[in-house]
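K.L.:
here is a sequence together with a model predicted from it:
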Amino acid sequence: MLDKMRSIICNYVDISPEDITEDSNLTDDLGLSSYDIMCVLGELEEEFGVIVDEAEIVDIHTIGEAMTYSKSLQG
């Protein structure tokens, strides 16, 4: 899942995929805007067949948190 997250995020920011870790903060480390984060989460919905609850997005700050959240939606 981390490789897929890296691939998606690299569509929005100019960062080398290997520089993206589970501890990378979406805004502070990766420079994603709130719009970028919404787009990334939309791509995750499509890729993993999940539906993201927009109210829960505010609690997602790192790649690891996004992966954990996505996994929890997959059942």
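P.N.:
In hand now; what should we look at?
K.L.:
and residue 65, how far from residue 3?
P.N.:
Residue 65 is 17 Å from residue 3, where distance means CB to CB, to the nearest Å. Every residue, glycine included, has its C-beta placed from N, CA and C.
K.L.:
more neighbours: which of the two?
P.N.:
residue 65 (15 against 9; other CB atoms under 10 Å).
K.L.:
for the closest residue in space to the more buried one that isn't next to it in sequence, phi and psi?
P.N.:
Excluding its sequence neighbours, the residue lying closest to residue 65 (CB to CB, 6 or more residues apart in numbering) is residue 59, at 7.3 Å. The phi and psi values for residue 59, taken as degrees, to the nearest 10, are phi -90, psi 0.
K.L.:
tell me, how many residues neighbour residue 59?
P.N.:
Around residue 59 there are 8 other residues, counting by other CB under 10 Å.
K.L.:
is it in contact with residue 72, as I believe?
P.N.:
No: the pair residue 59 and residue 72 does not pass the contact test of CB atoms under 8 Å, sitting 11.8 Å apart.
K.L.:
what about the residue nearest to residue 65, distance to residue 15?
P.N.:
Remark: distance between residue 59 and residue 15 (CB to CB) = 23 Å.
K.L.:
can you pull out the low-pLDDT segments for the protein?
P.N.:
Residue ranges of the chain with pLDDT under 70: 75.
K.L.:
for it, what spans make up the helices?
P.N.:
In the chain, the helices defined using DSSP state H lie at 2-9, 34-48, 63-73.
K.L.:
could you dump the second one to PDB, C-alpha only?
P.N.:
So that's helix 34-48. In PDB, the C-alpha atoms belonging to helix 34-48 read as follows (Å, rounded to 0.1, in the frame of the first residue of the first chain):
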ATOM      1  CA  SER A  34      -6.000  20.700   1.600                       C
ATOM      2  CA  TYR A  35      -7.200  20.400  -2.000                       C
ATOM      3  CA  ASP A  36      -4.300  18.000  -2.800                       C
ATOM      4  CA  ILE A  37      -5.200  15.900   0.200                       C
ATOM      5  CA  MET A  38      -8.800  15.600  -0.900                       C
ATOM      6  CA  CYS A  39      -7.600  14.600  -4.400                       C
ATOM      7  CA  VAL A  40      -5.300  12.000  -2.900                       C
ATOM      8  CA  LEU A  41      -8.100  10.600  -0.800                       C
ATOM      9  CA  GLY A  42     -10.300  10.500  -3.800                       C
ATOM     10  CA  GLU A  43      -7.700   8.400  -5.700                       C
ATOM     11  CA  LEU A  44      -7.500   6.100  -2.700                       C
ATOM     12  CA  GLU A  45     -11.200   5.600  -2.800                       C
ATOM     13  CA  GLU A  46     -11.000   4.600  -6.400                       C
ATOM     14  CA  GLU A  47      -7.900   2.400  -6.000                       C
ATOM     15  CA  PHE A  48      -9.000   0.500  -2.900                       C
END
